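**Q** Test case, fold it:
(one chain, ligands or ions: 1)
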Amino acid sequence: MEIEFEQLIELQRLDYEIRQISLSLKKIPSQLKEIDAQINSHIQKVEQAKENLSQNQKKRRDMEAQVQDTKEKILKYKRQLNTVRTNKEYASLLKEIDTSQEKVDSMEEQILQEMLKSDEIKEEIKETEQKAEQEKEKLNLEKEKIQKEKSKMEKKHQELLQERKNLVPKIPSDQLNLYNTISNKKNGIALSPVKGEFCSMCHMRIRPQVLNELKEGNKLILCENCGRILYWLKKSA
Ligand SMILES: [Zn+2]
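**A** Numbering: from 1, shown residues only. Just a heads-up that it's a prediction; the model follows:
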């Protein structure tokens with residue numbers, strides 16, 4: 001019986017390429033998702049900075065309202081100074097005025113601090129926005145590149161499948177069945193070339209008798225160790 005080694009080797013090459021492309025294609029959705037997550041994290045940073053500014057503004061408004069209240073209280077105390085009758089009441093009011101004025105001074109100092117902080121936050125918003133824009137542009141380009149790569153791989157995948165479809169009828173069915181059975185068991189690698197005196201897949205030494213039979217190429221011989229179909233790699237190959 002004629003063994004179609006060349007066709008089997010070609011089939012193995014096609015299957016290997018088909019498998020590699022399928023694996024690469026499978027990775028693409030998670031690659032795209034990872035890029036989207038990066039884009040999102042830049043957007044989040046901008047959102048966070050904006051949120052910080054709004055907190056800062058709210059804090060300032062609250063303190064300004066308190067300052068206003070306290071100033072009004074001071075005016076009220078000052079008016080009362082004219083009406084009190086005892087020294088004790090007078091002293092007590094003066095103390096209230098002092099305490100309230102200290103509170104106003106301290107809060108005005110804090111408001112000033114918050115204003116300085118707001119300038120920093122505004123600067124941060126500008127920076128994070130710029131950075132987000134730059135990164136988004138870069139990451140979107142990367143996504144485009146991956147999409148293009150994906151289309152190319154899908155096309156190649158289809159071509160390889162077609163080549164396989166054309167090739168399969170040229171291989172006798174018993175040889176094809178054996179190939180498929182071993183391929184399924186051995187992670188898609190059914191064939192192993194013999195290099196020197198060794199099975200190149202599992203590195204088992206091949207017995208001299210088997211080597212001779214392989215060189216004749218009249219029958220399918222399986223590696224005694226890994227069970228793959230052995231073939232003699234001609235010097236030129
Ligand atoms: Zn082997």
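
**Q** now residue 99: how far from the ion?
**A** 92 Å (CB to the ion, to the nearest Å). (Each C-beta comes from the backbone N, C-alpha and C, glycine too.)

**Q** What count of nearby residues applies to that residue?
**A** 13 (other CB atoms under 10 Å).

**Q** which SS class is it?
**A** helix (DSSP: H, G, I helix; E, B strand; the rest coil).

**Q** Identify each of the helices in the chain and give its residue range.
**A** Counting by DSSP state H, the chain has these helices, from start to end: 5-81, 87-167, 173-185, 208-216.

**Q** Buried residues, the third one. List them.
**A** The reference is to helix 173-185. 175, 176, 178, 179, 182, 183 (16 or more other CB atoms under 10 Å).

**Q** Just list the residues touching the fourth one, thanks.
**A** So the one you mean is residue 179. By CB atoms under 8 Å, 6 or more residues apart in numbering, the contact list for residue 179 reads 8, 11, 12, 171, 190, 191, 229.

**Q** so what's the first one up against?
**A** Yep, that's residue 8 we're talking about. Contacts of residue 8 by CB under 8 Å, 6+ apart are 171, 175, 179, 191, 229, 231.

**Q** Quick check: pLDDT value at it.
**A** On pLDDT, residue 8 comes in at 95.

**Q** for this structure, what helix or strand is lowest in average pLDDT?
**A** helix 208-216 (a mean of 91; mean pLDDT, DSSP states H and E).

**Q** Other residues contacting it?
**A** By CB under 8 Å, 6+ apart, helix 208-216 touches 194, 197, 206, 219, 221, 224, 230, 231, 232.

**Q** hmm, that helix in reach of the ion?
**A** No - using CB under 5 Å from the ion, helix 208-216 stays clear of the ion, coming no nearer than 11.3 Å.

**Q** what's the pLDDT at residue 235?
**A** 57.

**Q** make that residue 79, sorry
**A** 95.

**Q** before we move on, what about the one 3 residues further on?
**A** What the model reports for residue 82 is a pLDDT of 92.

**Q** tally of neighbours for it?
**A** 6.

**Q** tell me the phi and psi of it?
**A** phi -70, psi -20 (degrees, to the nearest 10).

**Q** cool, residue 197 as well?
**A** phi -120, psi 20.

**Q** From residue 72, how far out is it?
**A** Distance from residue 197 to residue 72, counting by CB to CB, to the nearest Å: 102 Å.

**Q** which residues does residue 122 contact?
**A** Residue 122 neighbours (CB under 8 Å, 6+ apart): residue 53.

**Q** Could you list the domains of this structure?
**A** Domain assignment of the chain by automatic domain parsing yields the ranges 24-168, 173-232.

**Q** how about these, which one is nearest residue 2?
**A** Residue 2 lies closest to domain 173-232 among the domains of the chain, at 8.2 Å (CB to CB).

**Q** now do the same end-to-end measure for the closest one.
**A** End-to-end distance for domain 173-232: 21 Å, by CA to CA, to the nearest Å.
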